[in-house]
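# this is the structure alone, sequence omitted:
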């Protein structure tokens, strides 16, 4: 139902008196339209986005899923007329396919996965746009505490969880295997499942190791170290060989998992590894006002979400605009311009 047009008695006395004075018809019409537009707008300016939008996240025990749940709560507060729905996925590549097929309006994906998607010329790749750089994913190689594996090079002949098909985990794992001098299909026994399954398989002795790429800490790995003695294997010795691959390897950086990420599994020691940035992604067909509002909530919700998802504490206005390989969506750009001092 449309709001009622205000009567003169409902307006400030001075404004009502001005409107009673004789004015040219064109001026009167313009004033009436402007007044009506002002009356119908909510306090704060532009109308709040409304309708339904879907955010593709990840597997239930991953950081993407939890981040999405908390972000939805903040979006509901900031945009109460917007119905935000979450969908699960197998990871970054699957997320991008949901986005470009129209099943999702926004998603999270790693920068290397976005680059791979574009370079392969997959459906809708050129329509992809970024809203923000979020937090980094850290590559984690998890083994049983008594495992002889000390490097990815020691995985030859072993059963290795490599992430589900369509996941960013598997994308990076394939490159790490090449950097370690191993053939993904011949030198290991790849088990193509996600973080919702791999910890249980390792605990039951059905996996010798598994790879995971996620924010720190990831709940599934935390729960595993609480129930089963595990150890994190360093991947720092592969950094140079990984970067020599060129191309999309430029999105990886050397990093150290802090000692308190998984205290039991790390025994109080930092672990050298590889990290890659996550991006909040949409398409060029998404509404600019909605994208601007979405970006604003993502940046402003950092501290609240960071209390539960520690990785989100890394979201920062100063670095959010560095979204290589994607250009910013016009709505996101509008938000960042508005925040300049």
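Alright, I've got the coordinates. This structure is a prediction, so every number in the text was calculated from the model and none was measured.

# can you give me the helices for the stretch 1-150 of the chain?
13-20, 25-40, 63-78, 92-100, 111-119 (DSSP state H, counting those that start in this stretch).

# now stretch 213-229: buried residues?
Across stretch 213-229, burial judged by 16 or more other Cβ atoms under 10 Å covers 213-222, 224-225, 228. The C-beta positions use only the backbone N, C-alpha and C, and glycine is treated the same way.

# and which of those residues is nearest residue 67?
residue 215 (7.6 Å; Cβ to Cβ).

# give the buried residues for stretch 274-290.
274-283, 286-287, 290.

# I should have written stretch 158-178 there, sorry.
For stretch 158-178, burial by neighbour count (16+ other Cβ under 10 Å) applies to 158-164, 166-178.

# ends of it, how far apart?
End-to-end span of stretch 158-178 (Cα to Cα, to the nearest Å): 16 Å.

# cool, stretch 191-200 as well?
13 Å.

# same check on stretch 151-167?
22 Å.

# tell me the mean pLDDT for it?
Stretch 151-167 carries an average pLDDT of 97.

# and if you look at stretch 325-339?
On average, stretch 325-339 scores 97.

# and stretch 201-211, by the same measure?
Mean pLDDT, stretch 201-211: 98.

# how about residues contacting that stretch?
139-144, 147, 149, 155, 158-163, 169, 172-173, 176, 191, 193, 198-199, 224, 227-228, 230, 233 (Cβ atoms under 8 Å, 6 or more residues apart in numbering).

# go again using 7 Å as the cut-off
By Cβ atoms under 7 Å, 6 or more residues apart in numbering, the residues outside stretch 201-211 that reach it are 139, 141-144, 147, 149, 155, 158-163, 169, 173, 191, 198, 224, 227-228.

# for stretch 85-95, same thing?
Residues contacting stretch 85-95 (Cβ under 7 Å, 6+ apart): 52, 54-60, 65, 68-69, 72, 98, 103-104, 107-110, 113, 117, 163-169, 171, 194.

# let's see which of those end up in strands.
Counting by DSSP state E, those place 52, 54-56, 107-110 in strands.

# got those residues as TSV, with distance to residue 129, neighbour count and pLDDT columns?
Shown next, in TSV, are those (distance: Cβ to Cβ, whole Å; neighbours: other Cβ atoms under 10 Å; pLDDT from 0 to 100):
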residue	distance to residue 129	neighbour count	pLDDT
52	20	9	96
54	16	18	98
55	15	26	98
56	15	26	97
107	12	29	98
108	14	27	97
109	12	28	97
110	16	29	97
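
# now tabulate those residues in a markdown table and tack on distance to residue 126.
Listed next are those as a markdown table, based on distance: Cβ to Cβ, whole Å:
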| residue | distance to residue 126 |
| --- | --- |
| 52 | 25 |
| 54 | 21 |
| 55 | 22 |
| 56 | 19 |
| 107 | 16 |
| 108 | 20 |
| 109 | 15 |
| 110 | 19 |
